[in-house]
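Q: next one to model:
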Amino acid sequence: MVKIATGYQVLMMPLVKKLSTLIVILMALWQSQALKAQQIPSEIEFYKSDEKSNQIPYFDNRFRIDAELDEITLLFYRVSGAPPVILVRPDGSKLKINDVAKDKVQWFDDLTYDLIKIKSPMVGPWQVIGQVKPESKIMVVSEIMLEVNPLPEIVLQGETLKMHGRIFNGGLAIDNPSFQQVLELDVDFFSTNNSVYDNFGAEPVRLSPFRDDGRDLDERANDAIFTGEFLLDFAPGEWQPIYLVKMPMATRELRQPPIIVQKNPIKITVNASQDDDKPHELTFAIDDSYVNADSILLQGKITYPDKQEQPFSIMQGQGKERRYSIDFTEPGIFRVNSRVFGETIHGREFRARVVEFSFNVERPDGPLVPTLTENAEQLSAAQEKQAAAQRAEQLQQAQAKQQAALAKQEKLTLWYIVAGNTIVVVVAMLIFFFIRRKKSI
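A: Model (predicted):
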């Protein structure tokens, strides 16, 4: 079947062709601009050597800067203890650590790397002279960013949290284990100074730094996943977590939303016994506002007055209380250190330290064993007595020094008087003999 174009279609066909041509031209221009807008890669590989071996001689280590940049920061990994590298620019001039324009180049050297920031670097092939590590890559440090998994919605005083973080350079994850030698990753908690909470006016708290060395809670060493172990053993209340990535030439900061550290869910009380045949009864009261009381387990140790220690654990129980009996051994101070394990009301498992609890057992016929208050009062009195003795001794020493100085001054004054009188007598005698001799002449 043959289709016959109408007059309207005949008029529209040239217009459609023009529009198609214009669209093709615009697409070509957009692709061209996109190629120009590409950023310099985060890693610049060395030029491949012409030799059959994959190893590149240190004098052939070259890289290229293809775009005009306002600033570039280069990171070179070298053999431990080797001297800083030397950079050869495309025009043949050299950049050395002790011979650079301070307003153009910043250079930080360590035992294993050089970190160099260059303003308006020259376009073209550059060369590195130095003991750069084999199969190394030159890392172009652009925008360092930190990504940390968010903190749980419910966190408890005394709890230990395991946190993971990754470092990104220009949007790409850094998987080079050597890079952790260049930076420090710390976390600080700052009080929001909300008067409603117990941490109002509290000082900032620095928690343990992130690490990637396979120790403690870090699962694998050098896997580019940094692990932080946060022990929240400070006042409950509203806190602002701030993560800091510190490098020799820059510091990056990540602020997470404020969190509420809830009070520890365990409160310990004791019914102390005065009978040798009756044990002391510890009661662990559970505040179930944020935890599942039925999931609570307790473990710890009891320190007796004679410093002996006994471990304990409470593995079973339901409801808002747990009880444990301590044998009556002797009067004195008992200390209870414990940890609590369980689930929050949202089902997250947690572990936390409980604040140390202590109590004193006195003798029935009188407190032959000093109480905590008496110990404090006796210690304070002894310290005050010692301080007074020190002040008296210092005063005596100062008086002795002052008397010695006065005696020395008096002796010196006496010598001046004797010397002055002697000079006067000698001068008078000379004048007398001179006048007498003149008269006789």
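Q: now the terminal residues of stretch 229-240, how far apart.
A: 17 Å (C-alpha to C-alpha, to the nearest Å).
Q: what's the mean pLDDT across stretch 258-268?
A: Computed over stretch 258-268, the mean pLDDT rounds to 95.
Q: just the mean pLDDT for stretch 226-236, thanks.
A: pLDDT averaged over stretch 226-236 gives 90.
Q: so which bits of it are buried?
A: Neighbour counts using 16 or more other C-beta atoms under 10 Å place 226-230, 232, 234-236 of stretch 226-236 among the buried residues. Just so you know, the C-beta spots here come from the backbone N, C-alpha and C atoms, and that holds for glycine as well.
Q: domain ranges for the protein, per the record?
A: Per automatic domain parsing, the structural domains of the chain span 43-142, 145-262, 266-369.
Q: for this protein, longest helix please?
A: helix 372-440 (DSSP state H).
Q: tell me how far that helix is from the chain's mean position?
A: Mean-position distance between helix 372-440 and its chain equals 55 Å (C-alpha atoms, centre = their mean, to the nearest Å).
Q: now do it, average pLDDT.
A: Rounded mean pLDDT across helix 372-440 is 71.
Q: what's the average pLDDT for stretch 345-359?
A: 95.
Q: and the contacts of that stretch?
A: 152-154, 156-160, 231-233, 264-266, 268, 270, 272, 280, 288, 290-292, 298, 300, 333-344, 372 (C-beta atoms under 8 Å, 6 or more residues apart in numbering).
Q: tell me the predicted confidence for residue 197.
A: 94.
Q: separation between the closest residue to it other than its chain neighbours and residue 283?
A: The shortest distance from residue 197 to any non-neighbouring residue, by C-beta to C-beta, 6 or more residues apart in numbering, is to residue 237 (3.2 Å). Look at residue 237 and residue 283: by C-beta to C-beta, to the nearest Å, they are 26 Å apart.
Q: more neighbours: which of the two?
A: Legend: neighbour count by other C-beta atoms under 10 Å for residue 237 and residue 283, higher for residue 237 (22 against 13).
Q: my guess is the more buried one contacts residue 190. True?
A: No - at 11.3 Å, residue 237 does not count as touching residue 190 under the criterion of C-beta atoms under 8 Å.
Q: any idea how far residue 97 is from residue 426?
A: Counting by C-beta to C-beta, the gap from residue 97 to residue 426 is 73 Å.
Q: if you count surrounding residues, which of the two has more?
A: residue 97 (16 against 10).
Q: how about the more buried one: what's its closest non-neighbour residue?
A: residue 84 (4.5 Å).
Q: residue 361 too?
A: In space, residue 361 comes closest to residue 331 once its chain neighbours are excluded; the distance is 4.9 Å by C-beta to C-beta, 6+ apart.
Q: surely that neighbour touches residue 362?
A: Yes - between residue 331 and residue 362 a contact is recorded at 5.9 Å, counting by C-beta under 8 Å.
Q: pull the number of nearby residues for the spatially closest residue to residue 133 that is not a sequence neighbour.
A: Nearest non-adjacent residue to residue 133, counting by C-beta to C-beta, 6+ apart: residue 77, 4.9 Å away. By the criterion of other C-beta under 10 Å, residue 77 has 20 neighbours.
Q: residue 77 pairs with what?
A: Counting by DSSP bridges, residue 77 forms beta bridges with residue 113.
Q: where's it relative to residue 211, distance?
A: Distance from residue 77 to residue 211, by C-beta to C-beta: 20 Å.
Q: got the contact list for residue 262?
A: 154-157, 236, 289-290.
Q: now, of the residues you listed, which are buried?
A: 154-157, 236, 290.
Q: what's the closest of those to residue 106?
A: residue 155 (40.0 Å; C-beta to C-beta).
Q: list the contacts of the closest one.
A: 161, 232, 259-262.
Q: remind me which helix or strand residue 242 belongs to.
A: For residue 242, the host element (DSSP states H and E) is strand 237-247.
Q: give the partner strands of that strand in its sheet and their orientations.
A: Counting by DSSP bridges, strand 237-247 is paired with strand 184-191 (antiparallel), strand 250-255 (antiparallel), strand 259-262 (antiparallel).
Q: so what touches it?
A: Contact partners of strand 237-247, identified using C-beta under 8 Å, 6+ apart, comprise 115, 141, 144, 146, 148, 151, 165, 167, 182-192, 194, 196-200, 202, 205, 251-256, 258-261.
Q: now the helices for the stretch 1-150 of the chain?
A: 7-36 (DSSP state H, counting those that start in this stretch).
Q: kindly report the same for the stretch 151-300 of the chain.
A: So, for the stretch 151-300 of the chain - with DSSP H, counting those that start in this stretch - there are no helices.
Q: and the gap between the residue most central in space within the chain and residue 167?
A: Central residue of the chain (C-alpha atoms, centre = their mean): residue 186, 3.6 Å from the mean position. To residue 167, residue 186 is 13 Å away according to C-beta to C-beta.
Q: circling back to that earlier point, please list only the buried members of the contacts of stretch 345-359.
A: Buried among those (16+ other C-beta under 10 Å): 154, 156-160, 232, 264-266, 268, 270, 272, 280, 290-291, 298, 300, 333-334, 336, 338-340, 342, 344.
Q: now, the residues you listed that are in strands?
A: Those of the buried ones among the contacts of stretch 345-359 mapping onto strands are 156, 160, 266, 268, 270, 280, 298, 300, 333-334, 336, 338-340, 342, per DSSP state E.
Q: grab the nearest non-local neighbour of residue 305.
A: residue 332 (2.5 Å).
Q: specify the beta-bridge partners of that neighbour.
A: Applying DSSP bridges to residue 332 yields these beta-bridge partners: residue 361.
Q: my read: it touches residue 362, true?
A: No - here residue 332 lies out of contact with residue 362, judged by C-beta under 8 Å, at a distance of 9.0 Å.
Q: re earlier: can you pick out the most distant pair from the contacts of residue 155?
A: Greatest spacing in the contacts of residue 155, by C-beta to C-beta: 161 and 260 (14.0 Å).
Q: tell me which of those two has more neighbours.
A: Between residue 161 and residue 260, counting by other C-beta under 10 Å, residue 161 is the more crowded of the two (18 against 15).
Q: now that one: how far from residue 254?
A: According to C-beta to C-beta, residue 161 stands 16 Å off from residue 254.
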